[in-house]
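1. With the sequence up front, the predicted model follows.
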Amino acid sequence: MRTRFSPTLCALAALSSLATAQVPEGWYVFGTFNPSAGQTGLFLAHPRRPGQPTVLANVQGDLDGTGSSCVLYRESDGAILAGERAPVGGSVDLHMIQLNGSAVLFDASFSLGRGGPCCGEIPQMALLPDGRVVVAVTDVDAGPLKNILTTGYGWQGVGIVDTSSGLITPIDIANGALLTDVFNALALAPDASKVYLGTYVSGTRGDIWEVPIGGGMATLIASTPAGLSNMAFEVSGELLVTTLDATQPLFRVTVSNGAVVPVPMAIGSLNAIASEATTGGLALATGTNGTPRRSIYWADPNANPTLLSTPGLATPSGIAMRPTPREIGNATSGNASYAFRMPNPTGLPNTGNASYALILDATGNARPGYLVLSSAALTTPLSVYGCDIFVDPTAIALIAAVPQPPVAIPLGIPSDPNLVGLQLFAQSFHAEAPTQLLATAALALTIL
Amino acid sequence: MRTKSPWLLFAAIFGASFLCWKLALEPHARSSGELERAPATAQVDVPPAPRATAPARADATPSAAPTEHALPPSKQRVRVVVRLAADASAVAALGAELLRVDERGREHAVACCNDPLAPAPVGPRELAELLRAQRALPEQREATQRFELAEGGRYAIAWHAWRHVPGTLTWRTARGAGEVFELRSPFTCEERTLELVIAPEQLSLDPALDAPVIDAVTHVTAKDG
């Protein structure tokens, strides 16, 4: 079975709105700092199509001065969260940004402390499931996160910022004095129970410390032969850490036993990394000693990198992705349950990805069924024989029979720029009994 | 035939809709497009004032004295009211909080069934919603929040609000807390009311912290990539 996009879908593309108010689905957002090296600020990049990034206009505060040191994308409200590299004596701010197209619509910011004489910044941050933000802050000479004295980078600390109220709760590290030198990376365990802090001790050493999310003793779980610059958990649960050593820029760390394995990658020093939750791939930014320097890459799940741009900006120091596809609604399960595989090994739904497919998995007594593609989704599901239908039956683009899962449903996407921005909603239905339908959750995907 | 009945209904729903749509050749409203639409901007300038130096004052007086019961309730209902002083300018999205203060003096937000500050399971408040709410209620001088406390201990009333930095697209969070007080069990059946008055100077912006630094001094170190 092979399904290709029909003229109907191409017509739908013309109807769909290409303008997006936030980070376009599937795109990268990254930040740069160090104005002596080039333009600082925030930028958007297509995750697969090489080209010059889009500059976000009207960035606020110090983001277009001293620059941005880290970024996140928060799906729940579409906000870009950007950490500052602060001026000497300036406030170290966390920005919560909403866009109108490619310009900042408004920016709500929080002061996490006053920057010291060296290099006040938020080196990296992570999202808790409820949307609060776990942050590391370095070189602060005041504020609730001035907790641990480093040897050469002032005071630093770790905490949780509630962006609803502005409440900053320190994560106390009982043996903080044992930590050698400066936080330069942070990642949150997939179950959100622990924070991992990566340090830059020197050019030839970095440490990874594990701290309970509620505070307590820090445990040194691993060291690397190069100073750390960024960290990200893979979908598999392994921790990827980047370094500023051009000859060994990437390591895979098993946090349960501290095993450190170099990951071959010949693009020089790395200064930012994010895991693509929907593909298992990586978003990467090289540092000053990168090849080429200060460039944006994507990498497949085997860490094979592809250059997207060398934009000539200041130093990229944080990168994040707005994921696509995303699940909406809920599955209806019975003696079997059905789900679209995530991460999807066929990659992103970008034009020209002729091998793109939805992979349908099942557990239990799986049966064949039907895949429905619609151009709209229902906010309130339609209930039919106990099954929640989230795809809009008044906007159907395609219905296709699917064999018994597991099965790949090919949706090869032609290189037609008219398809870019088309949003589709997929849901698969399976009869379990004469009066019982089962279904996957719906999947919202935007063609990139 | 019975085994096909779900598919018949399924086919009827989707088939009929699909055919109608194809025949009519009529584009339908797309929920996706509506979701992507940018919210309208709404801003209110708040005149800057001197930065606060004094701590918030807590008027944490219980509104009702404990009453005697054979079996005191397991939870204490508390109503927290934060109110701007008469000479303070209005703010955006004023919110009342109750903080639990642990033995080391750290503050933790107390969750409540309908409290947008609850760490879980309620999600983060959307800034867009905040601005929509502000547009509808431009003048906000008082906020109330109810809590149910399962244990006695040290608590503090707190508040938060947004302030607009004039001439920018930036909103800064303003927050403060009153004095720490002890809430003792046994609990009472009556709801206790705790009040806090926010002085004008506590709402002021600090030019050194809340505005960007022009011609900023910045350094680059070995760890910076």
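-> Looks like it arrived, so ask away.

2. how long is stretch A:115-127 end to end?
-> End-to-end distance for stretch A:115-127: 23 Å, by C-alpha to C-alpha, to the nearest Å.

3. Pull out the buried positions in that stretch.
-> Across stretch A:115-127, burial judged by 16 or more other C-beta atoms under 10 Å in any protein chain shown covers A:Gly115, A:Gly116, A:Cys118, A:Cys119, A:Gly120, A:Glu121, A:Ile122, A:Pro123, A:Gln124, A:Met125, A:Ala126, A:Leu127. C-betas here are computed from N, CA, C, even on glycine.

4. Tell me the spatial nearest neighbour of the fifth one, not counting adjacent residues.
-> In space, not counting the residues next to it along the chain, A:Gly120 is nearest to A:Ala86; the distance is 3.9 Å by C-beta to C-beta, 6 or more residues apart in numbering or on different chains.

5. Most widely separated two among the buried residues of stretch A:115-127?
-> A:Cys118 and A:Leu127 (27.5 Å; C-beta to C-beta).

6. do the helix or strand containing A:Tyr338 and chain B meet?
-> Counting by DSSP states H and E, the element that carries A:Tyr338 is strand A:336-340. No. Strand A:336-340 stays clear of chain B (C-beta under 8 Å from any C-beta of the partner chain), getting no nearer than 14.2 Å.

7. List the pairing partners of that strand within its sheet, with orientation.
-> Its sheet considered, strand A:336-340 pairs with strand A:357-364 (antiparallel) by DSSP bridges.

8. hey, C-alpha coordinates of the strand it pairs with in CSV?
-> The C-alpha coordinates for strand A:357-364 follow below in CSV (Å, rounded to 0.1, in the frame of the first residue of the first chain):
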residue,chain,number,x,y,z
ALA,A,357,5.4,7.5,6.9
LEU,A,358,3.2,7.2,9.9
ILE,A,359,4.2,4.1,11.9
LEU,A,360,1.2,2.5,13.6
ASP,A,361,1.9,0.3,16.5
ALA,A,362,-0.4,-1.8,18.6
THR,A,363,-0.5,-3.9,21.7
GLY,A,364,-2.9,-6.7,22.5
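
9. Show the subsequent helix or strand relative to it.
-> strand A:369-374.

10. Dump the helix or strand following that next one to CSV, restricted to CA.
-> The element immediately downstream of strand A:369-374 (helix or strand, assigned by DSSP H and E) is strand A:377-384. Extracted in CSV, the C-alpha atoms of strand A:377-384 (Å, rounded to 0.1, in the frame of the first residue of the first chain):
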residue,chain,number,x,y,z
ALA,A,377,-9.5,18.7,14.4
LEU,A,378,-12.4,18.7,16.8
THR,A,379,-12.0,20.5,20.1
THR,A,380,-14.7,18.3,21.6
PRO,A,381,-14.5,14.7,20.4
LEU,A,382,-17.3,12.9,18.7
SER,A,383,-18.2,9.7,20.5
VAL,A,384,-19.1,6.8,18.3
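
11. Strand A:377-384 - contacts with which helices or strands?
-> Here strand A:377-384 touches strand A:387-391, helix B:5-24, helix B:31-36, going by 3 or more C-beta pairs under 8 Å, 6 or more residues apart in numbering or on different chains; DSSP states H and E.

12. Would you single out the least confident of those?
-> Ranked on mean pLDDT, the bottom entry among these is helix B:31-36, at a mean of 28.

13. Provide a list of residues in contact with A:Ala136.
-> A:Ile122, A:Pro123, A:Gln124, A:Met125, A:Gln156, A:Gly157, A:Val158, A:Phe183, A:Leu186, A:Leu197 (C-beta atoms under 8 Å, 6 or more residues apart in numbering or on different chains).

14. Adding pLDDT, distance to A:Ile173 and secondary structure, write the residues you listed out as CSV.
-> CSV is the format used below for the contacts of A:Ala136 (pLDDT from 0 to 100; distance: C-beta to C-beta, whole Å; DSSP: H, G, I helix; E, B strand; the rest coil):
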residue, pLDDT, distance to A:Ile173, secondary structure
A:Ile122, 98, 17, coil
A:Pro123, 98, 16, coil
A:Gln124, 98, 16, coil
A:Met125, 98, 17, strand
A:Gln156, 96, 10, strand
A:Gly157, 97, 8, strand
A:Val158, 97, 7, strand
A:Phe183, 97, 11, strand
A:Leu186, 98, 13, strand
A:Leu197, 98, 9, strand
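
15. which one of those residues is nearest A:Cys387?
-> Among the contacts of A:Ala136, and counting by C-beta to C-beta, the member closest to A:Cys387 is A:Met125, at 39.8 Å.

16. Who are the contact partners of that closest one?
-> A:Met125 is in contact with A:Cys70, A:Leu72, A:Leu81, A:Gly83, A:Leu94, A:Val133, A:Val134, A:Val135, A:Ala136, A:Leu186, counting by C-beta under 8 Å, 6+ apart.

17. hmm, try it at 7 Å
-> With contact taken as C-beta atoms under 7 Å, 6 or more residues apart in numbering or on different chains, A:Met125 is in contact with A:Cys70, A:Leu72, A:Leu81, A:Gly83, A:Val133, A:Val134, A:Val135, A:Leu186.
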